[in-house]
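A.B. asks: would you be able to build a 3D model of this:
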Amino acid sequence: MSTTTSHTPEPEGLAEPAEGPARPARLIHNETTTEIPVHLLFRDGPDPVSVPLRPTVVARRQGTGEQPRLRRPMLEKPHPLAEVDPDLVERPARVLPGAAGVLAGACGVAGCLATSWWAGVLPPPAVEALWLPASAGAGLGPAQWAAYTGAGALGLFGFGGLARGRTGRAWVLQLFGRYRGTVRRTGLMWVNPLTLRRRVDVRLRHWRSEEMPAADGNGVALRTVVQVVWRVKDTARATLGLEDHETYLRECVEAALARVPVEVPGAARGSVEAAADTLTRLVVRDAEAVGLEVFAVRPVRVEYAPEVAAAMHRRRIAALDAQNRATVLTSVVDSVEDTVTQLTLRGLVELDDYERKALVKDLTVAFCVGHGESTS
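C.D. replies: Next up is the predicted model:
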């Protein structure tokens with residue numbers, strides 16, 4: 001019969017230590033005796049419960065029971081946009097046709113003439129010209145002055161409110177400091193004469209800037225001229241929301257040039273177009289909040305800054321001078337070598353090393369002097 005021997009494992013504390021250094025258990029321990037298998041930290045399979053942040057141990061002191069700290073991703077703070085009064089939005093103003101103003105003014109003039117005839121102050125030739133009956137001559141009393149006041153006010157309001165709207169122009173109206181609307185109509189119209197009118201150009205406009213500072217991808221200083229195609233979209237915000245919208249647009253372009261690298265002429269066409277698109281996007285974002293609509297911001301002329309251009313010019317001259325010197329030296333060396341070789345091969349001279357060096361030296365000096373005189 002075969003005897004089966006069962007092996008009973010000894011307790012961990014009575015087991016004999018194995019030969020060699022003991023390996024630490026692949027476990028992470030803390031004071032609460034929680035064990036996290038290491039292989040769970042490097043699983044390939046997806047976790048059934050999706051969590052937005054994965055715990056990452058940043059720093060830990062062994063034996064202190066310190067829990068792992070979570071490293072949260074750094075979120076880029078969005079660039080704040082320009083804001084104006086949200087209630088300040090363009091809306092149409094209430095105006096009347098120009099015929100209403102003309103009619104009111106004519107009625108005021110007619111009222112003044114009728115009052116003058118009533119008071120008897122209208123000259124007889126004027127009475128005959130107007131085919132009026134003889135005046136009663138009541139004189140200038142309170143009733144006549146009141147009639148004069150009413151007729152004069154009607155005439156002033158009628159003729160004083162007449163305005164002419166043009167294509168591509170708009171009127172921003174304010175009454176006692178409050179925005180009352182925008183007039184985009186054309187032709188003759190009547191506007192309340194008590195309102196303050198501010199004319200705004202709403203046509204498509206292009207602005208060619210003066211030379212502005214910029215830089216290329218390597219940080220080299222440049223001077224660029226930018227062309228901006230834009231127009232006023234919201235007259236209320238562009239006129240009342242800021243002091244001067246044209247100055248604001250110029251400063252937006254300068255700020256965009258300080259952030260976007262501009263390539264000099266001769267660079268890749270894709271990089272030039274990308275720079276123009278980025279400039280347009282930045283200026284559109286800053287100008288849209290104040291009622292300006294920007295269509296394109298494109299550099300039309302890019303040059304190196306004066307100090308950079310002077311340094312590059314000096315480097316170019318130095319490189320040309322070095323190249324010219326190398327060419328001259330190569331030509332002189334070739335000429336000396338050919339001369340010494342021909343003299344030796346034809347047996348005209350028999351030279352040892354010392355004499356050969358002296359001849360090479362004399363020929364080199366002579367050829368250099370002759371080349372310098374020929375170039376000068």
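
A.B. asks: gap between the two ends of stretch 183-202?
C.D. replies: End-to-end distance for stretch 183-202, by Cα to Cα, to the nearest Å: 11 Å.

A.B. asks: can you list contacts of it?
C.D. replies: 92-93, 95-101, 104, 156-158, 160-175, 180, 182, 231-232, 235, 238-239 (Cβ atoms under 8 Å, 6 or more residues apart in numbering). All C-beta atoms are positioned from the backbone trio N, CA, C, and that covers glycine.

A.B. asks: what comes up buried for the helix or strand containing L113?
C.D. replies: Following DSSP states H and E, one finds L113 within helix 98-119. Residues of helix 98-119 classed as buried by neighbour count (16 or more other Cβ atoms under 10 Å): 98, 101, 104-105, 108, 111-113, 115-119.

A.B. asks: same deal with stretch 185-196?
C.D. replies: In stretch 185-196, counting by 16+ other Cβ under 10 Å, buried: 185, 189-192, 195.

A.B. asks: drop anything exposed from the contacts of stretch 183-202.
C.D. replies: Members of the contacts of stretch 183-202 classed as buried by 16+ other Cβ under 10 Å are 93, 95, 98, 101, 104, 157-158, 160-163, 165, 170-173, 180, 182, 231-232, 235, 238-239.

A.B. asks: can you tell me which of the contacts of stretch 183-202 end up in helices?
C.D. replies: Of the positions in these, 98-101, 104, 156-158, 160, 235, 238-239 sit in helices, assigned by DSSP state H.

A.B. asks: present these as TSV; the columns should include pLDDT and distance to D334.
C.D. replies: Shown next, in TSV, are the ones in helices among the contacts of stretch 183-202 (pLDDT from 0 to 100; distance: Cβ to Cβ, whole Å):
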residue	pLDDT	distance to D334
G98	92	93
A99	93	98
A100	93	99
G101	92	96
A104	94	102
L156	93	100
F157	92	100
G158	93	100
G160	92	95
T235	94	78
A238	92	74
T239	92	77
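
A.B. asks: L359 is in contact with L351, isn't it?
C.D. replies: Yes. Using Cβ atoms under 8 Å, L359 is in contact with L351, at 6.4 Å.

A.B. asks: neighbour count: these two, which is higher?
C.D. replies: L359 (17 against 14; other Cβ atoms under 10 Å).

A.B. asks: separation between the more buried one and E251?
C.D. replies: Look at L359 and E251: by Cβ to Cβ, to the nearest Å, they are 74 Å apart.

A.B. asks: one more: Q323?
C.D. replies: 46 Å.

A.B. asks: now swap in G101 and tell me
C.D. replies: 41 Å.

A.B. asks: out of the ones in helices among the contacts of stretch 183-202, the closest to R203 would be?
C.D. replies: In terms of Cβ to Cβ, no member of the ones in helices among the contacts of stretch 183-202 lies closer to R203 than T235, at 12.3 Å.

A.B. asks: strands along the stretch 51-200 of the chain, start to end?
C.D. replies: 96-97, 162-165, 169-175, 178-183, 187-190, 196-201 (DSSP state E, counting those that start in this stretch).

A.B. asks: tabulate those (CSV), appending distance to G347 and mean pLDDT.
C.D. replies: Formatted as CSV, those follow (distance: least, Cβ to Cβ, whole Å; pLDDT from 0 to 100):
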stretch, distance to G347, mean pLDDT
strand 96-97, 117, 93
strand 162-165, 106, 92
strand 169-175, 100, 94
strand 178-183, 105, 94
strand 187-190, 109, 94
strand 196-201, 94, 94
